[in-house]
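> 3D model of this:
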Amino acid sequence: MKTQFVRLFTLLVILVLLAAAFWGVKNYFEVKREFQTTKEALKVRQINENILDFAKIFINQVLRAEKEIDFETRLKLEYAVRDLADKEILKQWDNFVNSKTESEAQEQVKNLLEILVNKIKID
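Residues are numbered from 1 along each chain as shown. So this is what the prediction gives:
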């Protein structure tokens with residue numbers, strides 16, 4: 001009788017431990033998935049902030065400028081656009097910077113702003 005009780009108790013402990021292990025593994029994968037989603041959302045938010053920061057600098061320092069853009073501002077813009085690490089934006093920035101005429105520069109600015117706005121992700 002005592003041996004049967006020990007076996008039953010051992011079986012019950014093993015079942016409880018298996019259930020706890022299963023629950024732990026299940027929770028681990030749920031937390032891992034949640035973490036990955038949060039990590040991706042944070043990355044998108046950082047990209048959005050960088051794009052908006054660049055756009056603000058560009059609008060305030062270039063579009064609203066009443067005189068020629070100084071070297072320091074150009075350098076600041078160049079670093080900001082490169083920090084975005086986006087080939088399409090960088091290519092469009094180069095198109096703008098290398099514009100030959102004022103009308104071409106205006107067209108390239110429109111294209112640049114359109115790309116910037118399109119790159120911002122809203123979820």
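> which strands and helices sit next to the helix or strand containing Lys39?
Take DSSP states H and E as the rule and Lys39 turns out to sit in helix 2-58. When contacts are defined as 3 or more Cβ pairs under 8 Å, 6 or more residues apart in numbering; DSSP states H and E, helix 2-58 sits against helix 71-83, helix 102-119. The way it works is simple: take the backbone N, C-alpha and C, and place the C-beta from them, glycine included.
> switch the cut-off to 10 Å
Under the contact criterion of 3 or more Cβ pairs under 10 Å, 6 or more residues apart in numbering; DSSP states H and E, helix 2-58 touches helix 71-83, helix 87-97, helix 102-119.
> now for these, which one comes closest to Met1?
Of all the helices and strands packed on helix 2-58, it is helix 102-119 that lies closest to Met1, at 74.6 Å by Cβ to Cβ.
> Between helix 87-97 and the closest one, find me the angle.
Taking axes from the mean of the first three to the mean of the last three Cα atoms, to 10 degrees, one finds helix 102-119 and helix 87-97 inclined to each other by 160 degrees.
> what are the C-alpha coordinates of helix 102-119, in CSV please?
Provided in CSV are the C-alpha atoms of helix 102-119 (Å, rounded to 0.1, in the frame of the first residue of the first chain):
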residue,chain,number,x,y,z
GLU,A,102,17.1,76.1,-59.9
SER,A,103,14.1,74.5,-61.6
GLU,A,104,15.9,71.1,-61.5
ALA,A,105,16.7,71.6,-57.8
GLN,A,106,13.1,72.5,-57.0
GLU,A,107,11.9,69.3,-58.8
GLN,A,108,14.5,67.3,-56.8
VAL,A,109,13.4,68.8,-53.5
LYS,A,110,9.8,67.8,-54.3
ASN,A,111,11.0,64.3,-55.0
LEU,A,112,13.1,64.2,-51.9
LEU,A,113,10.2,65.4,-49.7
GLU,A,114,7.9,62.8,-51.3
ILE,A,115,10.3,60.0,-50.6
LEU,A,116,10.8,61.2,-47.0
VAL,A,117,7.0,61.2,-46.3
ASN,A,118,6.5,57.9,-48.0
LYS,A,119,9.3,56.3,-45.8
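> For it, buried residues please.
For helix 102-119, the neighbour count (16 or more other Cβ atoms under 10 Å) marks 105, 108-109, 112-113, 115-116, 119 as buried.
> Kind regards, and thank you for your time.
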